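J.: dropping a prediction and its sequence here:
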Amino acid sequence: MNPKGEERKWVAECQDCPTTKDEEYGHEVKAAWEFPGGRDGAKQAEQFAARHRARRGHNVRLLSSMTMTFDLYDNPGLQYVLGLGDAGDNIGLQR
């Protein structure tokens, strides 16, 4: 089970802006802005955070984020553990 690809990015997350509710899971989501990975993206994120702090007086965190995609359907053991396939049929989960 190898990752099919990864995406690196920088995220500026404001701790003081109003949050929204995630429709699927119901948790509060903080306001966030994404920038490309690498040095240029880091500079853009830092500049954005500085402007947001100056204009709004808000606390902004800079985070590095990496998203990886896996193909779960090539591994029967993992499908069973996650309740997919035959195991999912028994507990009502759908693909």
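T.: Good, I have the coordinates.
J.: what ranges does the chain have for its helices?
T.: For the chain, the helices defined by DSSP state H occupy 38-56, 76-81, 85-91.
J.: E13: which of the ones you listed is closest?
T.: Comparing these by their distance to E13 (CB to CB), the top pick is helix 38-56, with 9.3 Å. (Glycine included, C-beta is placed from N, CA and C.)
J.: which outside residues touch the closest one?
T.: 8-12, 14, 16-17, 33, 35-36, 58-60, 62 (CB atoms under 8 Å, 6 or more residues apart in numbering).
J.: greatest separation within those: which pair is it?
T.: R8 and D16 (26.3 Å).
J.: most neighbours, which of the contacts of helix 38-56?
T.: W10 (24 neighbours; other CB atoms under 10 Å).
J.: so how far is A45 from that one?
T.: 4 Å (CB to CB, to the nearest Å).
J.: overlap of the contact sets of the two?
T.: 35, 62.
J.: shaky segments in the chain?
T.: Per-residue confidence of the chain (counting by pLDDT under 70) places the weak regions at 1-5, 70-74, 84-95.
J.: right, and E34 touches V11 too?
T.: Yes: using CB atoms under 8 Å, E34 is in contact with V11, at 5.5 Å.
J.: partner residues bridging the closest residue to A49 other than its chain neighbours?
T.: In space, and not counting its chain neighbours, A49 is closest to V60: 4.1 Å by CB to CB, 6 or more residues apart in numbering. Applying DSSP bridges to V60 yields these beta-bridge partners: C14.
J.: V60 and L78, how far apart?
T.: 37 Å.
J.: same deal with S65?
T.: When S65 is compared with L78 (using CB to CB), they lie 24 Å apart.
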